[in-house]
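[1] 3D, please:
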Amino acid sequence: MRKNKYGYVPLVLLLFVLFNSACAQNPPMTAMAYLKEETTVENSIVLLNNEQQTVPLQKLDEVKIASINFSNTYNVAFDSLLTRYAKVQQFKGTDYLGPKNINTLALDLKFYNTLIIQVTDIDLNNPQVLGFIKANQKIKNVVVALFGNGNSLALLEDFTSPILWSEQVTPVSSSVMAQAIFGGVPVTQKLSRTFSARYSANMGFTTQKTRLQYTIPEAAGINSNNLTGIDNIAKEAMLQHATPGCVVLVAKDGKVVFNKAYGYHTYEAEMPDKITDIFDLASVTKISATTMQVMRLYDEGKISLDSTMGSYIPLARATNKNNITVRELMLHQAGLVPYIPFHDRIKPTDHSSDSSAMYPTKVADNYFVRKDYYKDVMLPTMLKTGLRTRGQYEYSDLSMYFMKEIVETITAEPLNVYVQDQFYNKLGMQTAGFLPRNRFSIDQIVPTEDDTYFRHTLLDGYVHDQGAALAGGVSGHAGLFAGANDIAILMQMMLNKGNYGGVQYLKPETVEMFTSKQSPVSRRGLGFDRWDPIATRHYPSELASDQTFGHTGYTGTCVWVDPKYNLVYIFLSNRVYPKVTDKLSNLRIRGRIQDVVYQAIEKGL
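    You can find the predicted model right below:
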């Protein structure tokens with residue numbers, strides 16, 4: 001197992017290392033000392049010039065952000081936190097200081113509409129820096145993060161863009177300031193003294209916490225030492241070859257308090273897993289993409305749970321699927337067969353090793369399917385299948401194939417485009433989406449299976465599910481890829497009853513209905529899986545409450561939200577590498593890690 005010298009919350013412990021290296025004469029900072037300083041900083045930051053409510057930053061799908069640092073010693077901590085919320089490009093402002101170079105910086109920033117500028121009192125006494133800030137506030141959205149005693153505020157007397165000021169100049173203050181810009185922490189204080197006519201005592205604006213905060217377990221009432229069991233279980237998973245690596249994330253009370261990567265992309269141990277890695281989520285797609293769109297359409301009155309497939313899909317009207325309702329599809333009670341192994345039915349004439357007008361659909365490297373294969377073969381085949389007992393629970397991927405057809409018919413927009421535009425981009429989710437090879441380098445994506453029976457290649461960035469692959473990589477039941485932080489954002493929105501970043505994405509009553517038990521014959525919600533009342537199953541874990549909702553994924557993933565504990569738990573892995581194995585489930589790795597979290601919550605500090 002790859003060891004991380006910074007401990008199990010890499011970013012926060014990196015702050016510890018930075019702090020202690022700067023103050024080598026002091027003993028190492030303890031978790032409680034960190035928490036005390038974090039609280040002090042949170043209770044001292046002041047926000048000025050926020051009449052337009054620019055801070056926290058909004059409309060993350062529209063902003064193009066650059067972070068410019070001049071002499072903030074702890075810019076690494078600051079920038080690292082910024083990138084948890086949005087894509088941010090870093091610039092080193094001191095590289096541009098000189099008689100001409102400051103104009104070059106302006107040129108390099110022309111494609112960014114939002115500038116976050118880190119400065120100290122010394123920086124603001126430099127006419128070039130001051131001139132640069134004042135010139136840019138006229139043409140771009142500018143947020144200044146000022147670190148120092150505040151005397152330089154008088155130099156910004158005619159400045160109109162937001163200023164966040166922290167008197168503390170430490171890694172912790174850099175971390176908190178960055179989060180305040182995005183609403184990860186609230187701003188509650190006002191100036192305690194007068195610095196100038198504009199910046200006088202009792203001036204300042206307050207904000208609310210609207211997004212995830214990134215901190216240590218102690219900030220959520222958990223002793224860090226009580227989470228070390230996660231390390232042991234993850235190590236066991238890798239030693240037993242249940243998975244070559246994994247990423248675990250825990251958010252409690254709207255705070256990400258644990259986020260750690262273990263192991264490697266593959267058993268060859270060439271590339272360590274990172275917390276930013278992108279995984280094939282498999283059936284987590286069902287709740288993170290398709291069900292999200294269904295809930296939005298339900299809110300808008302554009303879909304009825306009791307309408308039939310035939311009312312949305314004309315091809316279904318002459319089949320035995322005509323009268324199946326949306327509710328039955330979402331509950332897996334439509335009597336559909338679990339799945340159809342389309343990859344076993346594909347003919348030599350259906351695919352080619354080269355792309356062409358005849359074979360445009362890419363399934364994997366050197367594997368292309370003929371035009372309209374899904375429309376001509378897959379969809380008709382699914383519509384012609386026989387039905388089992390309607391009204392009884394039987395989990396079926398076909399339900400979400402059909403739900404994709406329904407929502408796309410209603411919106412006249414592809415599922416992947418809709419959820420990307422309406423949810424992921426707006427929420428600040430940077431990795432989530434279908435077809436990741438179109439947007440990311442292969443090194444960022446964790447490989448799944450070494451496919452020797454269908455595509456005959458290592459699947460890295462191409463959906464593992466064979467049917468979703470033949471459908472072009474986008475399906476209602478599989479195809480979504482994402483990193484842990486992105487799924488945490490999406491599930492925190494669900495835990496917040498549809499609200500995140502100050503935006504109401506879904507109605508609270510819709511979230512409540514879809515995530516609560518909706519079936520008399522199963523544990524299911526609408527689209528969502530739930531806690532199992534049969535105690536011997538310990539599903540999703542032994543200690544999860546009966547309010548828990550989420551889903552698992554075939555590739556070795558799970559996402560669980562427990563409102564009783566205000567908890568989001570995410571586990572991502574590639575347990576199907578190099579071949580499918582049931583060890584992850586047999587060893588109950590996911591559930592046992594989840595129980596470590598519950599036990600730590602119960603023990604407290």
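
[2] alpha carbons only for contacts and neighbour counts from here, please
    Noted.

[3] Which residue ranges of the stretch 1-150 of the chain form helices?
    10-22, 31-42, 75-82, 101-108, 121-124, 127-136 (DSSP state H, counting those that start in this stretch).

[4] among those, which is the most enclosed?
    The highest average neighbour count among the helices of the stretch 1-150 of the chain, using mean count of other C-alpha atoms under 10 Å, belongs to helix 75-82 at a mean of 22.

[5] and Ala334, what does it touch?
    324-325, 328, 387, 389-393, 399 (C-alpha atoms under 8 Å, 6 or more residues apart in numbering).

[6] Give the buried residues for stretch 309-325.
    Applying a neighbour-count criterion of 16 or more other C-alpha atoms under 10 Å, one finds 309-310, 312-313, 316-317, 321-325 buried in stretch 309-325.

[7] With secondary structure, pLDDT and distance to Ala334 as added columns, please give these in CSV.
    As requested, the buried residues of stretch 309-325 are arranged in CSV below (DSSP: H, G, I helix; E, B strand; the rest coil; pLDDT from 0 to 100; distance: C-alpha to C-alpha, whole Å):
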residue, secondary structure, pLDDT, distance to Ala334
Met309, helix, 98, 11
Gly310, helix, 98, 14
Tyr312, helix, 98, 16
Ile313, coil, 97, 16
Ala316, helix, 98, 14
Arg317, coil, 97, 15
Lys321, coil, 98, 9
Asn322, coil, 98, 11
Asn323, coil, 98, 10
Ile324, coil, 98, 6
Thr325, strand, 98, 8
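
[8] related to what we said a few turns ago, can you turn the buried part of the contacts of Ala334 into a ChimeraX selection?
    Typed into ChimeraX, the line below selects the buried ones among those, using 16+ other C-alpha under 10 Å:
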select :324,325,328,392,393,399
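
[9] Which of the contacts of Ala334 fall in helices?
    Using DSSP state H, the members of the contacts of Ala334 that fall within helices are 328, 399.

[10] List just the nearest of the contacts of Ala334 to Lys260.
    Closest approach between the contacts of Ala334 and Lys260, by C-alpha to C-alpha: Ser399, at 34.2 Å.

[11] my read: the closest one touches Met330, true?
    Yes: the pair Ser399 / Met330 is scored as a contact, 6.9 Å apart, by C-alpha atoms under 8 Å.

[12] Any regions of this structure where pLDDT drops low?
    For the chain, the stretches with pLDDT under 70 are 1-28.

[13] so what's the most centrally placed residue in it up against?
    Central residue of the chain (C-alpha atoms, centre = their mean): Asp486, 0.6 Å from the mean position. By C-alpha under 8 Å, 6+ apart, the contact list for Asp486 reads 428-432.

[14] can you pick the most crowded of the residues you listed?
    Ala432 (27 neighbours; other C-alpha atoms under 10 Å).

[15] surely that one meets Ala484?
    No: contact criterion C-alpha under 8 Å: Ala432 and Ala484 do not qualify, at 9.4 Å.

[16] circling back to that earlier point, same list, the helices of the stretch 1-150 of the chain, but as TSV with distance to Leu458 please.
    TSV is the format used below for the helices of the stretch 1-150 of the chain (distance: least, C-alpha to C-alpha, whole Å):
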stretch	distance to Leu458
helix 10-22	30
helix 31-42	42
helix 75-82	32
helix 101-108	39
helix 121-124	51
helix 127-136	48
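
[17] what about these, which gets the closest to Lys375?
    In terms of C-alpha to C-alpha, the element of the helices of the stretch 1-150 of the chain nearest to Lys375 is helix 75-82, at 43.1 Å.

[18] how far away is Gly527 from Pro520?
    15 Å (C-alpha to C-alpha, to the nearest Å).

[19] Mind checking which of the two has more residues around it?
    Under the neighbour definition other C-alpha under 10 Å, Gly527 and Pro520 were set side by side, and Gly527 has more, 25 against 10.

[20] wait, what's in contact with the more buried one?
    Applying C-alpha under 8 Å, 6+ apart, we find Gly527 in contact with 286-287, 291, 330-331, 514-515.

[21] Ok, which of the helices of the stretch 1-150 of the chain comes nearest Tyr298?
    With C-alpha to C-alpha as the measure, helix 75-82 is the member of the helices of the stretch 1-150 of the chain nearest Tyr298 (33.8 Å).

[22] how far does the closest one sit from the chain's center?
    Here helix 75-82 is found 18 Å from its chain centre; the criterion is C-alpha atoms, centre = their mean, to the nearest Å.

[23] I'd like to know which elements that helix is packed against.
    For helix 75-82, the packing partners by 3 or more C-alpha pairs under 8 Å, 6 or more residues apart in numbering; DSSP states H and E come out as helix 10-22, strand 88-92, helix 171-182.

[24] Pull that helix out as PDB, backbone CA atoms only.
    In PDB, the C-alpha atoms belonging to helix 75-82 read as follows (Å, rounded to 0.1, in the frame of the first residue of the first chain):
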ATOM      1  CA  ASN A  75      -0.300  30.200  -1.700                       C
ATOM      2  CA  VAL A  76      -0.100  26.400  -2.200                       C
ATOM      3  CA  ALA A  77      -2.600  25.900   0.600                       C
ATOM      4  CA  PHE A  78      -4.800  28.700  -0.800                       C
ATOM      5  CA  ASP A  79      -4.800  27.400  -4.400                       C
ATOM      6  CA  SER A  80      -5.300  23.800  -3.400                       C
ATOM      7  CA  LEU A  81      -8.500  24.700  -1.700                       C
ATOM      8  CA  LEU A  82      -9.700  26.800  -4.500                       C
END
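
[25] now it and helix 171-182, what's the angle there?
    For helix 75-82 against helix 171-182, the angle by axes from the mean of the first three to the mean of the last three C-alpha atoms, to 10 degrees is 30 degrees.

[26] can you list the residues that contact helix 75-82?
    Against helix 75-82 from outside (C-alpha under 8 Å, 6+ apart): 11, 14-15, 67, 69, 88, 90, 118, 171-172, 174-175, 177-179, 182, 214.

[27] Recalculate using a threshold of 10 Å.
    Residues from elsewhere that reach helix 75-82 (C-alpha atoms under 10 Å, 6 or more residues apart in numbering): 11-12, 14-15, 18, 65-69, 72, 88-90, 92, 116, 118-119, 145, 170-182, 184, 213-214.

[28] picking up where we left off before, name the nearest of the contacts of Ala334 relative to Asp108.
    Using C-alpha to C-alpha, Ser399 comes nearest to Asp108 of the contacts of Ala334, at 49.3 Å.

[29] measure the nearest residue to that closest one once chain neighbours are set aside to Tyr554 for me?
    Spatial nearest neighbour of Ser399, excluding adjacent residues (C-alpha to C-alpha, 6 or more residues apart in numbering): Leu329 at 5.0 Å. For Leu329, the distance to Tyr554 equals 20 Å [C-alpha to C-alpha].

[30] Those two: which is more packed in?
    Counted by other C-alpha under 10 Å, Leu329 and Tyr554 do not tie: Leu329 has more neighbours, with 26 against 20.

[31] which ones are touching the residue nearest to Ser399?
    305, 308-309, 335-336, 395-403, 526-527 are the contacts of Leu329 under C-alpha under 10 Å, 6+ apart.

[32] Cross these against helices and list the overlap.
    Using DSSP H, the contacts of Leu329 in helices are 309, 398-403.

[33] if we can go back for a sec, now the buried members of the contacts of Leu329.
    Buried among these by 16+ other C-alpha under 10 Å: 308-309, 335-336, 395-403, 526-527.

[34] hmm, back to that, so what sits against both of Ser399 and Met330?
    Counting by C-alpha under 10 Å, 6+ apart, the residues touching both Ser399 and Met330 are 286, 527.

[35] any idea how far Leu435 is from Leu364?
    No, residue 364 isn't Leu; it's Ala. In terms of C-alpha to C-alpha, Ala364 sits 11 Å off from Leu435.
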